[in-house]
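**Q** Let me see the structure of the following:
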Amino acid sequence: MKKFFNEFKEFISKGNVIDLAVGVVIGNAFGKIVSSLVDNIMMPLVGLLLGGVDFSGLSIKFQGASIKYGLFIQNIVDFLIVAFCIFSVIKVMNSFDKKVKDKLKKEEEKKEEEKEPELTKDQELLVEIRDLLKKQEKETKKK
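**A** The predicted model follows:
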């Protein structure tokens, strides 16, 4: 039992859990905002367009039970708005991520192009001889 609680403590103390908790809290708050938007602004406007229908009051009585299909319609609109927002955010993030990756790839290719080609042993020796000759020439000019 102690091992179980230690594993749980380790799991909770990881940063991912805290990030997830923050995401859940923000998501919950966002859901409330969207619900308020749908319930208090969008559905009354849609109801007016449909001849003054109040969706929150739409229901059917069936054997003593009240089936509130108007609230169900509101929840569907709620879901569609949240799904659209999530889709849009992911689309923007993927687009941004792709741009960043493309930019990094171009920079990497540019660096590879700028690299001097690998020299063979003969070429390295020739470069050393050239540098020595230049050095000797400078020394003779100083004298």
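**Q** Need phi/psi at residue 53.
**A** phi -80, psi 130 (degrees, to the nearest 10).
**Q** quick one: low-confidence parts of this protein?
**A** Within the chain, the ranges that satisfy pLDDT under 70 run 15, 116, 143.
**Q** now do 90
**A** Judged against pLDDT under 90, the low-scoring parts of the chain cover residues 1-59, 62, 64, 70-71, 73-125, 127, 135-143.
**Q** residue nearest the centroid of it?
**A** Residue closest to the mean C-alpha point of the chain, counted by CA atoms, centre = their mean, is residue 93 at 4.2 Å.
**Q** Past the helix with the most length in the chain, which element shows up next along the chain?
**A** Among the elements of the chain assigned as helix by DSSP state H, the one spanning the most residues is helix 69-114. Read in the C-terminal direction, the helix or strand following helix 69-114 is helix 121-142, with elements assigned using DSSP states H and E.
**Q** burial measure for residue 43, as a count.
**A** 21 (other CB atoms under 10 Å). Every residue, glycine included, has its C-beta placed from N, CA and C.
**Q** residues contacting it?
**A** For residue 43, the contacting residues are 55, 56, 73, 74, 77, by CB atoms under 8 Å, 6 or more residues apart in numbering.
**Q** If we use 7 Å, what do you get?
**A** Applying CB atoms under 7 Å, 6 or more residues apart in numbering, one finds that residue 43 lies in contact with 55, 74, 77.
**Q** which one of those residues is nearest residue 103?
**A** Comparing the contacts of residue 43 against residue 103 with CB to CB places residue 77 closest, at 39.1 Å.
**Q** what's the burial count for the closest one?
**A** Residue 77 has 18 neighbours, counted by other CB under 10 Å.
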